[in-house]
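>>> coordinates only, sequence not included:
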């Protein structure tokens, strides 16, 4: 499955990367202090110290920019916690994932990611989850433990967590253990 | 889990119901013949023969109206096919569901449902799936067959189908059988 097609992004440290960083920061700051519906491109531009046309040229429209900001925030910033077993690692990681995604800010990020045109944003989110699960799977393999394949974990653990958040009530954290058990029946 | 809170809708046959039906029909016709991004409330109003303010008063904004139209289209219009066993019925229904949802129009409907404010639309979609699975489960029970509970079917069959459509590549129809098998391990 194609992953992270646009992951490369602008050259780090270049002008383009600096503009992107300041626009992202401005958008995050505004989202933190005002209602989502009140945030506009001219406001973000003023906060970032760039012209609105810089933003229009690069992102086209607000939905695209907010999706980009949300995807960046969903990029994992830590290695999954080590608990001593693959099952324990997956459980700890999935419980934290379920809690973060079902929080107000998590729901807003998922919504922003899905609101943009195209599939790049959603696929990057999926690839972030894959990467984290792969880290856990590799540690399990190094200990000689059986571990389900990544697609099984996506279908049996990640999919129900996101499905319930989007279409029903978020799962109670206690139910995540049952999902992990079900993934391990395929290990 | 709360279901179908707003299901009641306007009194059938009343003026309000007629307006709703003609606005929905107008929106569907326009969506069928022009690009999604070109559809506006004034266009829908002209097509439906109502004033734009009628639509603004009732739906507030375009996203809400299109979500409403999408939810209506997702309402099941047939009883799940009978194959002689609960497992066969669930497989046939889930394969059709996966195909419909991953089609261009299916993706657009899911997207429209998720783009509106609030949780009513997505929950109605979830309750439609529940209703269909319940019909299959009741037939299975009447034949004395074991059948997984509805939440298990949602987590193990519906969730991965929608997750893959939204965040990854749609599942090949052949993979739906594996999801149904996994749901039956809990029967």
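Happy to help now that I have it. Only a predicted model underlies this, so the values are computations on that prediction, with no experimental measurement involved. Numbers count the residues shown, from 1 in each chain, chains lettered A, B, ... in the order given.

>>> Contacts only, for residue A:19.
A:48, A:50, A:54, A:58 (CB atoms under 8 Å, 6 or more residues apart in numbering or on different chains). Yep, even glycine has a C-beta here, placed from its N, CA and C like the rest.

>>> Just among those residues, which is most surrounded?
With neighbours defined as other CB atoms under 10 Å in any protein chain shown, the most crowded of those is residue A:48; it has 21 neighbours.

>>> is it true that that one touches residue A:26?
Yes. Residue A:48 lies in contact with residue A:26 (CB atoms under 8 Å); the separation is 3.6 Å.

>>> which other helices and strands contact the helix or strand hosting residue A:90?
Assigned by DSSP states H and E, residue A:90 falls within helix A:86-102. Counting contacts by 3 or more CB pairs under 8 Å, 6 or more residues apart in numbering or on different chains; DSSP states H and E, helix A:86-102 is packed against helix A:104-115, helix A:120-142, helix A:159-167, helix A:176-184.

>>> just these: most buried one?
Sort these by mean neighbour count, taking mean count of other CB atoms under 10 Å in any protein chain shown, and helix A:159-167 sits at the top with a mean of 24.

>>> mean confidence for that helix?
Averaging pLDDT along helix A:159-167 yields 96.

>>> Ok, stretch A:177-186 next?
Averaged across stretch A:177-186, pLDDT comes to 95.

>>> Is there proximity between that stretch and chain B?
Yes. Stretch A:177-186 lies within reach of chain B by CB under 8 Å from any CB of the partner chain, at A:179, A:182, A:185, A:186.

>>> Next one: the residue sitting nearest the centre point of chain A from residue A:109, what distance?
Nearest to the mean C-alpha position of chain A, counting by CA atoms, centre = their mean, stands residue A:74 at 2.9 Å. Distance, residue A:74 to residue A:109, by CB to CB, to the nearest Å: 6 Å.

>>> Same question for residue A:124.
Taking CB to CB, one finds residue A:124 at 12 Å from residue A:109.

>>> what does residue A:171 give?
Residue A:171 is 18 Å from residue A:109, by CB to CB.

>>> Next: residue A:76.
Separation of residue A:76 from residue A:109 (CB to CB): 13 Å.

>>> For chain A, which residues are neighbours of chain B?
Checking chain A against chain B by CB under 8 Å from any CB, the hits are A:1, A:111, A:114-115, A:122-123, A:125-126, A:154-156, A:158-160, A:162-164, A:166-169, A:179, A:182, A:185-186.
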